[in-house]
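> Kindly generate the corresponding structure for this input.
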Amino acid sequence: METPTPESAVPSSSATGVPCSSLLAVEDEVAEMTLTVKWSGKEYTVRVCGDDSVAELKRRICELTNVLPKRQKLLYPRIANKFADDSLILSQFNLKPSIKMTMIGTVEDDIFIDQLDSPEIVDDLELGQDEVVDVKDKNVNKQKLQRRISQYKIKLRNPCRDGKKLLVLDIDYTLFDHRSPAENPLELMRPYLHEFMSAVYAEYDIIVWSATSMKWVELKMGQLGVLNNPNYKITALLDHLAMITVQTDSHGTFDCKPLGLIWANFPRFYSSTNTIMFDDLRRNFVMNPQNGLIIRPFRKAHLNRSTDQELAKLTQYLLAIAELSDFSSLNHRNWESYTEDSSKRRRHS
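Below is the predicted model of the structure:
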């Protein structure tokens, strides 16, 4: 199933007949604004809401222009400097309905720049239980999720399979060490990757979701031999445009991966009861904390390649819990002890 094409993915040139300045009547705090962004001789219609952040605005612009958010400089009289702060909320800007802004930025010529010069993200997110609940249950975040569901188009590479659980995988530091230098990408692939994928594919559909561009996702997965492997199939690939921006009192504004996007697209196959997600960043689970498992990051591949067994051990865990009809009672932080207990039960049975 594919969601409709986003309304914003249409240039606002005179040929479209779409007015560039309008303010739709919605609740004040989430009023939808139709902005005009001028870039490379063209004008683009970008729809955002007052509760969106600058980061979300840049994500929407990227969707239309393929200029990555970190490459964008937004120019608008008197407040251009504010657009440099991705955490600011657009309702704070008092933008006029007729706003037209200019974007300066270049589409990546070298796909590897996307990763190699990006800042290192350290996962220091340890929210209290009350704050986790607050983030996922906030109306503003639920509304952002609903907008993303209507805007983001998931393209199936292979059909969803009846009766299978769902495994959602990050790439960087989960399957691949993207920062260590190497002549061949295979040198940076996490050990047991293909054995892991082949084994769990018997019980799980597999979706790869990276906080990078789709070009990077396709390139890396292709180079690692994941996309056309004879022993397993990838259901879909998702990129940074599928993420949403949330805000917390203790950790500010950041992007996360809401699994509700996938569940809404494929409700007959996947839900919170049969989905598990691996990522090295806890913040990515904030909209669905019960479904996330923090994987140990795979760094310094040349030093750790001979000793890293994370995927081999997680294979046992995934196959053990695949017998369950409902994952909602699991605490994935205890996955290693669960695997050990399962092994003991099998030995004594």
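
> From now on I want contacts and neighbour counts done on CA atoms only, so please keep to that.
Noted.

> where does the chain dip in pLDDT?
For the chain, the stretches with pLDDT under 70 are 1-31, 80, 97-98, 108-133, 342-349.

> Who are the packing partners of the strand or helix carrying E218?
For E218, the host element (DSSP states H and E) is helix 214-223. Contacts defined by 3 or more CA pairs under 8 Å, 6 or more residues apart in numbering; DSSP states H and E place helix 214-223 against strand 236-238.

> Give me the distance from the strand it packs on to the chain's centre.
10 Å (CA atoms, centre = their mean, to the nearest Å).

> Just after that strand, pick out the following helix or strand.
Taking DSSP H and E, what comes next after strand 236-238 is strand 244-248.

> and that following strand, what does it pack onto?
Judged by 3+ CA pairs under 8 Å, 6+ apart, strand 244-248 is in contact with helix 54-65, helix 129-137, helix 139-151, strand 252-256.

> Pipe these into CSV and attach distance to L293 and mean neighbour count per row.
What follows is the helices and strands packed on strand 244-248, written out as CSV (distance: least, CA to CA, whole Å; neighbours: other CA atoms under 10 Å):
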stretch, distance to L293, mean neighbour count
helix 54-65, 26, 21
helix 129-137, 15, 14
helix 139-151, 21, 18
strand 252-256, 14, 17
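
> Nearest approach to L219 belongs to which of these?
Distance to L219, taken as CA to CA, is lowest for helix 54-65 among the helices and strands packed on strand 244-248, at 18.4 Å.

> what's the angle from that closest one to strand 252-256?
Here helix 54-65 runs at an angle of 40 degrees relative to strand 252-256 (axes from the mean of the first three to the mean of the last three CA atoms, to 10 degrees).

> So which elements touch helix 54-65?
Taking 3+ CA pairs under 8 Å, 6+ apart as the contact cut, helix 54-65 packs with strand 42-49, strand 244-248.

> Now that helix - C-alpha only, CSV.
The C-alpha trace of helix 54-65 is given here as CSV (Å, rounded to 0.1, in the frame of the first residue of the first chain):
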residue,chain,number,x,y,z
VAL,A,54,12.8,24.8,11.5
ALA,A,55,14.2,21.3,11.1
GLU,A,56,10.8,20.1,9.8
LEU,A,57,10.6,23.1,7.4
LYS,A,58,14.0,22.1,6.0
ARG,A,59,13.0,18.5,5.8
ARG,A,60,10.0,19.5,3.6
ILE,A,61,12.2,21.7,1.4
CYS,A,62,14.6,18.7,1.0
GLU,A,63,11.7,16.6,-0.1
LEU,A,64,11.1,19.0,-3.0
THR,A,65,14.6,20.0,-3.9
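
> Could you list the residues in contact with it?
8-10, 37, 44, 46-48, 67-69, 72, 83, 85-90, 107, 241, 244-245 (CA atoms under 8 Å, 6 or more residues apart in numbering).

> switch the cut-off to 6 Å
A9, L68, P69, D86, L88 (CA atoms under 6 Å, 6 or more residues apart in numbering).

> The helix or strand following that helix pairs with which strands, parallel or anti?
Going down the chain from helix 54-65, the next helix or strand is strand 73-75, by DSSP H and E. Strand 73-75 pairs in its sheet with strand 100-104 (antiparallel), by DSSP bridges.

> what separates the partner strand from the chain centre, distance-wise?
The answer for strand 100-104 is 26 Å, by CA atoms, centre = their mean.

> quick one: it to strand 42-49, angle?
Interaxial angle, strand 100-104 versus strand 42-49 (the same axes, to 10 degrees): 110 degrees.

> What separation do you get for P297 and K313?
14 Å (CA to CA, to the nearest Å).

> and what of T34?
The value you get for T34 to K313, if CA to CA is used, is 49 Å.

> still on that earlier bit, for F196, state which of the contacts of helix 54-65 is nearest.
When the contacts of helix 54-65 are ranked by distance to F196 (CA to CA), L68 comes first, at 31.9 Å.

> how many other residues sit next to that closest one?
20 (other CA atoms under 10 Å).

> Next, give phi and psi for it.
In this entry, L68 is assigned phi and psi values of phi -60, psi 150 (degrees, to the nearest 10).

> what does G50 give?
Backbone geometry at G50, expressed as degrees, to the nearest 10, gives phi -60, psi -30.

> Is it correct that it is in contact with L90?
Yes: applying CA atoms under 6 Å, one finds G50 in contact with L90, separated by 5.2 Å.

> Give me the more crowded residue out of the two.
Legend: neighbour count by other CA under 10 Å for G50 and L90, higher for L90 (23 against 19).

> residues contacting the more buried one?
Residues in contact with L90 (CA under 6 Å, 6+ apart) are G50, D52, S53.

> ok, now how distant is it from A55?
L90 is 10 Å from A55, by CA to CA.

> before we move on, what about K164?
35 Å.

> What of C62?
10 Å.

> measure V107 to S40 for me?
To S40, V107 is 11 Å away according to CA to CA.

> wait, doesn't T273 sit right on S325?
No: using CA under 6 Å, T273 is not in contact with S325; the gap is 7.5 Å.
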